[in-house]
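Colleague: Take a look and give me a structure for this.
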Amino acid sequence: MGKGDDTMSSYIDNILMNETLVTVEEVVVHLKKFGLVAKAPEKLDGGAALGLKLKQNKSGGLEFQRGNEIPQIKEELNKGELFSIYSKLIGHYPIVGWLRPACSYIKRHAECRGWDDRVGGRTTALIEEVLKKVEKQDPVRGMWNVLQTLDGVVWCDASSIATGVVLEVGEVVAKDAACLGKNDDASHINVAELDAVTKGVNLALKWGLHNMCENRLCHCNKPDVLTRVRKSWLVPTKEHIAAVTHLDNSGVQELHNLHHMRVERTLYLVRKVDPSVPKEQVVRTCDKCQSIDPAPRAHEAEELGVTRTWEKLTVDVTPYSSGVYITMVDCGPGRFTLWKRL
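Modeller: Prediction:
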């Protein structure tokens, strides 16, 4: 570097040509002028480009498939080898489908910390299950030549596990994406769905789309597979360690203070941690919640009347007709009352 052009060689990979505009011979001659030798040209149909296998469908469009072999696993895997398998499964493919949340879920729940640590039997069984399913039904496939346009449709969905986004251009799926939620995320499902919409809009902008619409509810929910994993994976196994915990009032208050949800939602989140917790008055004693939507507070029953005049007074605000009045009542025998309009 810095000593001239002889210190390094030039290299160009995958030159895509339109033979209606230029011939192969012209490109080869042009490359030779710069000392570049070209291999024999290949047609896109039945060939490969940018790491994708291409094949022409019945309608004349080019479809891509996985360009590498499905990886095989050894009897014992460490964390580094596990992540390497996932890189080969997902790679740079624009459409991966259910593989995205499946791989992310297994990586997060792998029973290891360091890169050289061996993964447990459960993780090995899960990745074997994924590889068998990929061999039978590989989700890596789609249209290779997507229409260049400014219009598109963003499909969004969310669950308690992940958010999913599918980008559709010209009635063809161009890209999908998925993101697992945080383990300690206690956000309402509406917040997760809004997050999915935000990710979808950002993805569309990266593709240069300016006119887009968001479709979330339809008879064909395209991003649904991006937000789920197999139900059997979510069932605790015998290898898991069971931990018992009990929440006191301060623990319940801490969970409520995450997002200041109402009574029913707070109770739902609390019982996820400790099912024995009864319905407490956490929201009723929260100053922030009371400032927005005050809940009625019950007073202890007692006798307000007294035997002496002006010994005890009651004061309240009373709406009457079109006005509001402050009222003061003597609790003595006379029940003398004063009203003053506010």
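Colleague: Now do the same for the residue nearest to Arg100 when sequence neighbours are not counted: helix, strand or coil?
Modeller: Nearest residue to Arg100, sequence neighbours excluded (CB to CB, 6 or more residues apart in numbering): Ala178, at 4.0 Å. Every residue, glycine included, has its C-beta placed from N, CA and C. Here Ala178 is strand, with the state taken from DSSP: H, G, I helix; E, B strand; the rest coil.
Colleague: Please tell me how far the closest residue to Glu42 other than its chain neighbours sits from Gly67.
Modeller: Spatially, and ignoring its direct neighbours in sequence, Glu42 is nearest to Ala48 (7.7 Å; CB to CB, 6+ apart). The gap separating Ala48 from Gly67 is 6 Å, by CB to CB, to the nearest Å.
Colleague: picking up where we left off before, what residues are up against the residue nearest to Glu42?
Modeller: Neighbouring residues of Ala48 by CB atoms under 8 Å, 6 or more residues apart in numbering: Glu42, Leu54, Gly67.
Colleague: and these, which are buried?
Modeller: For those, burial is judged from neighbour counts taken by 16 or more other CB atoms under 10 Å, and it is met by Leu54, Gly67.
Colleague: now, which of the contacts of Ala48 sits nearest Met17?
Modeller: Taking CB to CB as the measure, Met17 sits nearest to Glu42 out of the contacts of Ala48, at 10.7 Å.
Colleague: Just the element for the closest one, please.
Modeller: Glu42 is part of no helix or strand, with elements assigned from DSSP states H and E.
Colleague: Check Pro101 too.
Modeller: In this assignment (DSSP H and E), Pro101 forms part of helix 99-108.
Colleague: Which elements pack onto that helix?
Modeller: If contacts are counted by 3 or more CB pairs under 8 Å, 6 or more residues apart in numbering; DSSP states H and E, helix 99-108 sits against helix 79-90, helix 121-136, strand 162-169, strand 172-180.
Colleague: mind checking which of these is nearest Val191?
Modeller: Closest approach to Val191 among the helices and strands packed on helix 99-108 is made by strand 162-169 (10.4 Å; CB to CB).
Colleague: Let me know the angle separating the closest one from helix 99-108.
Modeller: Angle of strand 162-169 versus helix 99-108, following axes from the mean of the first three to the mean of the last three CA atoms, to 10 degrees, is 150 degrees.
Colleague: What is the longest helix along the chain packed up against?
Modeller: For the chain, the longest helix by residue count, based on DSSP state H, is helix 189-206. On a contact count with 3+ CB pairs under 8 Å, 6+ apart, helix 189-206 meets strand 151-158, strand 162-169, strand 172-180, strand 211-215.
Colleague: Tell me which of those strands is the most buried.
Modeller: Mean neighbours per residue, mean count of other CB atoms under 10 Å, is largest over the helices and strands packed on helix 189-206 for strand 162-169, with a mean of 25.
Colleague: Given it, what are its sheet partners and their directions?
Modeller: Strand 162-169 sits in its sheet next to strand 151-158 (antiparallel), strand 172-180 (antiparallel), going by DSSP bridges.
Colleague: Could I get those in TSV, plus columns for mean pLDDT and distance to Val24?
Modeller: What follows is the strands paired with strand 162-169, written out as TSV (pLDDT from 0 to 100; distance: least, CB to CB, whole Å):
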stretch	mean pLDDT	distance to Val24
strand 151-158	89	34
strand 172-180	91	29
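Colleague: Tell me which of these sits nearest to Tyr93.
Modeller: It's strand 172-180; of the strands paired with strand 162-169, that one is closest to Tyr93 (CB to CB) at 9.6 Å.
Colleague: what angle sits between that closest one and helix 189-206?
Modeller: Inter-element angle recorded for strand 172-180 and helix 189-206: 130 degrees (by the same axes, to 10 degrees).
Colleague: Can you show me the CA trace of strand 172-180 as PDB?
Modeller: Output in PDB follows, covering the C-alpha atoms of strand 172-180 (Å, rounded to 0.1, in the frame of the first residue of the first chain):
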ATOM      1  CA  VAL A 172     -44.100  -9.700  -3.500                       C
ATOM      2  CA  VAL A 173     -42.400 -10.300  -0.100                       C
ATOM      3  CA  ALA A 174     -39.000  -8.500  -0.300                       C
ATOM      4  CA  LYS A 175     -37.700  -8.700   3.300                       C
ATOM      5  CA  ASP A 176     -38.700 -10.000   6.700                       C
ATOM      6  CA  ALA A 177     -37.300  -9.200  10.200                       C
ATOM      7  CA  ALA A 178     -37.900 -10.400  13.800                       C
ATOM      8  CA  CYS A 179     -36.700  -9.300  17.200                       C
ATOM      9  CA  LEU A 180     -37.200 -11.100  20.500                       C
END
